[in-house]
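# Return atomic coordinates for the entry below.
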Amino acid sequence: MAGLTKEQKAVKALRDKAVELSGLSVEDFDKLGEQERADWAKSAQDALNLKAANAQLTSGQAAASVTKSNPKTKEDEPDYSGLVKVKQGAGELYVHPTCLEDHQRLGWQVEDLPKA
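Below is the predicted model:
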């Protein structure tokens with residue numbers, strides 16, 4: 001397809017897909033009426049769109065599997081050094097020591113003090 005523009009390549013791909021879906025030879029496809037060719041072209045466009053959507057979905061799933069296969073490591077964890085771990089019910093926070101009194105007044109309990 002050297003020398004064809006993107007638009008010409010897209011038109012050719014659409015026509016090739018329409019011929020493929022119709023099951024006819026290129027010559028027989030060209031003998032079809034304008035409306036029939038338009039109907040096959042619409043079906044071909046739908047098939048190409050579905051193929052592109054599936055490819056995008058597959059690439060998204062591949063990216064997700066890479067994320068799952070590489071779980072967070074210790075280096076990915078935030079640095080909580082210098083912060084105080086406080087808990088309230090099921091909640092857990094790391095707060096700066098200057099905010100500790102405010103959190104304790106609101107019912108948060110100290111879990112871990114920072115290591116100096």
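# Quick check: buried residues in the host helix or strand of residue 42?
Element membership for residue 42 (DSSP states H and E) is helix 34-69. In terms of neighbour count (16 or more other Cβ atoms under 10 Å), helix 34-69 has its buried residues at 37, 40-41, 44. To be clear about C-beta, it is placed using only N, CA and C from the backbone, and glycine gets the same treatment.
# ok, now stretch 102-113?
103, 108.
# now stretch 79-92
Quick answer for stretch 79-92 (16+ other Cβ under 10 Å): 83-86.
# Please give the centre-to-centre distance between stretch 19-35 and its chain.
37 Å (Cα atoms, centre = their mean, to the nearest Å).
# Touching it from outside, list them.
Stretch 19-35 has contacts (Cβ atoms under 8 Å, 6 or more residues apart in numbering) with 18, 37, 40, 43-44, 47.
# Identify each buried residue in it, please.
Applying 16+ other Cβ under 10 Å to stretch 19-35 flags 19, 22, 29 as buried.
# what does the model give the second one for pLDDT?
Listed pLDDT for residue 22 reads 88.
# separation between it and residue 8?
21 Å (Cβ to Cβ, to the nearest Å).
# swap in residue 16?
12 Å.
# For residue 30, I want the exact helix or strand it lies within.
Going by DSSP H and E, residue 30 is part of helix 26-31.
# likewise residue 87?
Using DSSP H and E, residue 87 maps to strand 84-88.
# closest to residue 102 among the contacts of stretch 19-35?
Nearest to residue 102, judged by Cβ to Cβ, of the contacts of stretch 19-35 is residue 47 at 61.8 Å.
# Where does pLDDT dip in this protein?
With pLDDT under 70 as the threshold, the chain has low-confidence stretches at 1-2, 62-75, 113-116.
# Done for today, thanks.
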